[in-house]
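> The following comprises the amino acid sequence and a computationally predicted model.
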Amino acid sequence: MDQSTRWVIGHQITPKQTTGNYDLVIGETPAHVPGPPPHFHNNYNEVFLVMEGEMDFVIDGKPTKVGPGETVDLPPGCLHTFSNNSDSPCKWVNIHSPKGFLDFFDQMGVSASEDNAFEKSVDPEIIQKVIKHAAEFDMVITMEVPHPNE
């Protein structure tokens, strides 16, 4: 297993080195794992590519099921979350542009080499830490649909 692999609120995240101005990770979500709280980014474009399984997204209030080979493109200000509601794991690629969001995974994640890393990553204390500090990483948690011009 890659030494940089971390469990972040129930999702296994493996960063990949890039030379461009973007962060790229391979994510794996076990069956029946919820996603992060609904959030948006002010400065990041975000893309998901589902490679295996399926993921349920809610994008600006609209539910969307995404299967293998399908993508979700999220511009700044787009309120979103995702979860794996299926009986099978889901594997996906996630890109944030410009670079910088990897710091969130590094600081909020639990090293995959730790015992019970998945369980530790979904501990209520970690979830509260994510909610408290997410905005420091341009992850704005909200239940409201954002309006970029406000």
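Looks like it came in fine. All figures in this text were calculated on a predicted structure; none of them were measured in a lab. Numbering: from 1, shown residues only.
> For this structure, just list every one of the strands.
Using DSSP state E, the strands of the chain run over 6-8, 11-16, 23-29, 39-40, 45-52, 55-59, 62-66, 71-74, 80-83, 90-97, 110-111, 140-141.
> will you turn those into JSON lines that also has mean pLDDT?
JSON lines is the format used below for these (pLDDT from 0 to 100):
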{"stretch": "strand 6-8", "mean pLDDT": "97"}
{"stretch": "strand 11-16", "mean pLDDT": "97"}
{"stretch": "strand 23-29", "mean pLDDT": "98"}
{"stretch": "strand 39-40", "mean pLDDT": "96"}
{"stretch": "strand 45-52", "mean pLDDT": "98"}
{"stretch": "strand 55-59", "mean pLDDT": "96"}
{"stretch": "strand 62-66", "mean pLDDT": "96"}
{"stretch": "strand 71-74", "mean pLDDT": "97"}
{"stretch": "strand 80-83", "mean pLDDT": "96"}
{"stretch": "strand 90-97", "mean pLDDT": "98"}
{"stretch": "strand 110-111", "mean pLDDT": "96"}
{"stretch": "strand 140-141", "mean pLDDT": "94"}
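> Quick one: those strands as a markdown table, columns for mean neighbour count too.
(Each C-beta comes from the backbone N, C-alpha and C, glycine too.) As requested, these are exported to a markdown table (neighbours: other Cβ atoms under 10 Å):
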| stretch | mean neighbour count |
| --- | --- |
| strand 6-8 | 23 |
| strand 11-16 | 20 |
| strand 23-29 | 20 |
| strand 39-40 | 22 |
| strand 45-52 | 17 |
| strand 55-59 | 18 |
| strand 62-66 | 12 |
| strand 71-74 | 16 |
| strand 80-83 | 20 |
| strand 90-97 | 20 |
| strand 110-111 | 17 |
| strand 140-141 | 16 |
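> Put together a markdown table for those, with distance to D123 on each row.
Converted to a markdown table, the strands of the chain look like this (distance: least, Cβ to Cβ, whole Å):
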| stretch | distance to D123 |
| --- | --- |
| strand 6-8 | 11 |
| strand 11-16 | 14 |
| strand 23-29 | 17 |
| strand 39-40 | 20 |
| strand 45-52 | 25 |
| strand 55-59 | 23 |
| strand 62-66 | 28 |
| strand 71-74 | 27 |
| strand 80-83 | 18 |
| strand 90-97 | 22 |
| strand 110-111 | 9 |
| strand 140-141 | 18 |
